[in-house]
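S.K.: pasting a predicted model and its sequence here:
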Amino acid sequence: MGGFVLYYIYYMVYLDYAATVPILPEVSKTMQKAERCFFANASALHTPGHLSKNEIEECRELLAKMINADPNEIIFTSGATESNNTIIRTFEGCQIETSPMEHHSIIEAAKVYRGKKSPKLFSFMLANNETGEFIKIPKRKTGAYYHSDLTQVLGKIPIDVKKLGLDYATFSAHKIGGPIGVGVLYVKDGAPFIPLIIGGMQEGKRRGGTYNTVGIVGFKEALKFVNKNQTWKIYDTRIRELRDVLAKRILKEIPGSSLNTDINRRKSLPNILNASFSAAEGESIQLYLDAEGIIVSTGSACAAGDIKPSHVLMAKTGDAEVAHSSIRFSFGLENTMDDIDKVMEILPGIIKRLQGISTIS
Ligand code: PMP
């Protein structure tokens, strides 16, 4: 690896944690060990196979305990996208109602599979990945099923799937410092379920494919980190303060700025701030910040390259200009007040320059 890359990564101000979180050092160490110790196929009947399987079961039990579920209600997948797709596909031909703010892995899947039959599936995320704002999960009605994409929520606030009244929930390891490519689908005992990936006997025939043992070991270590440090408390205090200071400084110091995130503590996760800057284009702001080593995103990274304005901001504001001029700052545990100072040294100048050359009046 080039020295420049290490230098760059060390000095950049990373504010794109909602897109992905760097693997935690303890997770990385544990995964390296696991590559040597738990390489065997976890479905095999020999001892190394059992050792691998034990690791997987420990992760399953740990997550189940954290979200108030039973271990047999946890299915490992390749990520939140697969978990979301699986549940929408289970309701193929049925009525599927989603919030307009859902991730593309729900919205696009629902377009393909929704129909008119019963039972009905509701899929409402608890907190949105672009604005961080909470979304109300509809009140339970008998005969309907409820899914929530909790990808952005894990580790940020405590989760209880029973209190939330959920039949299904989605999680992803890489949003808490685990590896990319490991996800979970919670399926309440007795809720309808049709496997998306059909293969061997893995996961009680609910998800085929050789176990990603090393990845799951990494997820387990990241979950342990969340528990040991009670990360939701750090987000609620230190990270919330960073987010709120940035929000207030943006409004005060940058003319034409507005917030797309309600920073009231009951209204949003503590680590996401979405803001718009009138007459400045989001992509340009992002590129100028990038050139200064400040890493943010516009809308969701999954929609990058898509010239349509963010569907989330369009649903929220109905204003294409606001959506086109938006930036998402998302914080992680490594951020400090210094990072906010660096952003506020650079950002006002960038906005001023872009507003100066804008043809939008
Ligand atoms: N749902 C939400 C709310 C997300 O933020 C993301 C990640 N952008 C996903 C699903 C997809 O997650 P994964 O990368 O694990 O497929």
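M.R.: That came in fine, so what should we check first? Numbering: from 1, shown residues only.

S.K.: now do the end-to-end distance for stretch 19-30.
M.R.: Start-to-end span of stretch 19-30 (CA to CA, to the nearest Å) is 23 Å.

S.K.: any residues of this protein in contact with the ligand? List them.
M.R.: Residues of the chain found near the ligand (CB under 6 Å from any ligand atom) are 79-81, 103, 105, 125, 129, 149, 151-152, 172, 183, 300, 302. Heads up, the C-betas are built off the backbone N, CA and C, glycines and all.

S.K.: in the residues you listed, which residue is surrounded by the most others?
M.R.: Asp149 (29 neighbours; other CB atoms under 10 Å).

S.K.: tell me if I'm right that that residue and Asn84 touch.
M.R.: Yes: using CB atoms under 8 Å, Asp149 is in contact with Asn84, at 5.9 Å.

S.K.: in which helix or strand would I find Gly181?
M.R.: Element membership of Gly181, judged by DSSP states H and E, is empty: it is in no helix or strand.

S.K.: not counting residues beside it along the chain, what's closest to Glu102?
M.R.: Of all residues not flanking Glu102 in the chain, Met125 sits nearest, at 5.9 Å (CB to CB, 6 or more residues apart in numbering).

S.K.: swap in Asp339?
M.R.: Closest residue in space to Asp339, ignoring its immediate chain neighbours: Val13 at 4.7 Å, by CB to CB, 6+ apart.

S.K.: neighbours of the one you found, just the number please.
M.R.: Residues lying near Val13 (other CB under 10 Å) number 20.

S.K.: what's the answer for Val187, then?
M.R.: When neighbours are counted by other CB under 10 Å, Val187 comes out with 24.

S.K.: contacting residues for it?
M.R.: Listed by CB atoms under 8 Å, 6 or more residues apart in numbering, the contact partners of Val187 are Glu73, Ile75, Asp167, Tyr168, Phe193, Arg206.

S.K.: still on that earlier bit, and the residues of the chain next to the ligand, which two are the farthest apart?
M.R.: Gly183 and Ser300 (16.8 Å; CB to CB).

S.K.: for the residue nearest to Glu102, helix, strand, or coil?
M.R.: coil (DSSP: H, G, I helix; E, B strand; the rest coil).

S.K.: 14 is where my numbering starts, stick with that
M.R.: Okay, using 14 as the starting number, the last item reads as Met138.

S.K.: against Tyr159, how distant is it?
M.R.: 12 Å (CB to CB, to the nearest Å).

S.K.: shared neighbours, Asp162 and Asn97?
M.R.: In contact with both Asp162 and Asn97: His116, Ser118, Ile119, Ser136, Thr183, using CB under 8 Å, 6+ apart.
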